[in-house]
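# Here is my input, please return the structure:
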Amino acid sequence: MNSTFSTDLKIGVLGGGQLGRMLIQAAIDLGIDLKIMDEENAPCSQYAAHFTCGDIRNHEEVVEFGKNLDILTIEIENVNVDALKELESHGVNVYPQPNVIELIQDKGLQKQFYEKIGVPTAPYKLLKDITDLETEIEFLPAVQKLRKGGYDGKGVTAIESGENIQNGFDAPSVLEKFVDLDKELSVIVSRNNKGEITTFPVVEQEFNPEANLVEFLFSPADITTAIQEQAEAYAIKIIEQLDMVGILAVEFFLDRSGNLFVNEVAPRPHNSGHQTIEGNYTSQFQQHLRAISGLPPGATEIILPSVMINLLGEKGSEGEAHYEGLEEILKWKGVYPHIYGKSISKPFRKMGHITVVNKDLTEAKKLALKVKETIRVIGK
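You can find the predicted model right below:
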């Protein structure tokens, strides 16, 4: 007998940023009204039919928000896990599960998990404070990452040699050996509560070296079939071993010898999947909603090759956001802007993204570069 999906499902989201905003758009297509909780001026406050102003790190506020929901999910990892555990114990379906979020909140635990399940990751050391860093001079050059709280390039610093020790963090961290990097790749994998798993094709990312944020994303990645299959296999293994329900972004380093190393994972829709809205049969946002609602996964194949450009606040500019060049790029075929609704622009703040689709990825790259040279976000 076929089960019947109800649009009356009460689904809540902790976090009301741009990811929540795009989840709302996908939920509308399924007839679902998402309930969102975040701070007063979060982007979702303008779009959610049900918006609760609150602190997603506050135990009491999270429990109060979630207690009458059928399903509770996240769009950012920095949430109160103890509150999620309490809600789960009272019958609320929390996806991804609290134990998964707890592990992923700590980059040190992530590293140990990859080792335990036999997935390669770059050599590393766990540090308690800067004193430990001073004892690891021979391990350098390396990247130091705070174990907790870092995001979008924050909480990450390169330590080239002993002369750079003073730039290090005096806090629990991971010291990760530099990889002889060829490319940075990402795989989005989903799993529903029936254990059905799908992966999106591997994408390639180029980073802004100053902001340490993705500047361009290319779909599909320029890699061999063997590397694509290996990356997808590792992503599937990770989500299976986590026994996770939802969507998981798995970021990889590919070295010049063709070896893959897991960098980090994110248990939610991710910047490396934004191009799926226009470029793939199913977007990562609808796939996440399907997974947590127990619906069948959607097809993930590429419809058209695509390039995604992160729209960042202009360096040296802060204030009310103004989008110079937006009218011009709207004239161009295959260009899809997504403005996040953040009223204040700051240097390198994610203000939106733009996807360019074309049957020829080379042509999409050319147009994407033209888009990047044309549009600017100025704070006035």
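
# Look at Glu264 and give its secondary structure.
Using DSSP: H, G, I helix; E, B strand; the rest coil, the structure places Glu264 in strand.

# What about it, how many residues nearby?
Number of residues near Glu264 (other C-beta atoms under 10 Å) recorded here: 17. (Glycine included, C-beta is placed from N, CA and C.)

# Please apply the same query to Pro269.
Using other C-beta under 10 Å, Pro269 has 30 neighbouring residues.

# Repeat that for Ile223.
By other C-beta under 10 Å, 20 other residues sit near Ile223.

# my guess is it contacts Val203, does it?
No: the criterion here is C-beta atoms under 8 Å, and Ile223 misses it with Val203 at 10.0 Å.

# got any residues that touch both of the two?
Contact criterion C-beta atoms under 8 Å, 6 or more residues apart in numbering; residues shared by Ile223 and Val203: Leu185.

# Find me the pLDDT at Thr225, would you?
Model confidence at Thr225, given as pLDDT, is 97.

# Over to Gln275?
98.

# give the contact list for it.
Contact analysis of Gln275 by C-beta under 8 Å, 6+ apart lists Val203, Leu217, Ser219, Ser306, Val307, Met308, Thr355.

# Now with 6 Å, please.
Gln275 is in contact with Ser219, Ser306, Met308, Thr355, counting by C-beta atoms under 6 Å, 6 or more residues apart in numbering.

# Which secondary structure state is assigned to Val79?
What three-state DSSP gives for Val79 is coil.

# what's the neighbour count on it?
Around Val79 there are 22 other residues, counting by other C-beta under 10 Å.

# my guess is it meets Ile56, correct?
Yes: in this structure Val79 lies within contact range of Ile56 using C-beta atoms under 6 Å: 4.8 Å.

# joint contacts of those two?
Common neighbours of Val79 and Ile56 (C-beta under 6 Å, 6+ apart) are Leu14.

# Stretch 188-195 spans what distance, first to last residue?
Using C-alpha to C-alpha, to the nearest Å, the end-to-end distance of stretch 188-195 comes to 16 Å.

# and what of stretch 261-273?
Chord length of stretch 261-273, first to last residue, is 19 Å (C-alpha to C-alpha).

# what's the offset of that stretch from the middle of its chain?
Here the centre of stretch 261-273 is set off from its chain's centre by 5 Å, with C-alpha atoms, centre = their mean, to the nearest Å.

# Also stretch 298-317?
Its chain's average C-alpha position is 12 Å from that of stretch 298-317, according to C-alpha atoms, centre = their mean.

# Stretch 74-88 now?
How far stretch 74-88 lies from its chain's middle: 17 Å, per C-alpha atoms, centre = their mean.

# Check the contacts of Gln275 against Pro296 and report the nearest one.
Nearest to Pro296 out of the contacts of Gln275 is Ser219 (C-beta to C-beta; 23.0 Å).

# Distance of that closest one relative to Glu301?
11 Å (C-beta to C-beta, to the nearest Å).

# Name the residue in the two with the higher neighbour count.
Set Ser219 next to Glu301 and count neighbours by other C-beta under 10 Å: Ser219 wins out with 27 against 11.

# I'd guessed Met308 sits against His274; true?
Yes: using C-beta under 6 Å, Met308 makes contact with His274 at a distance of 5.2 Å.
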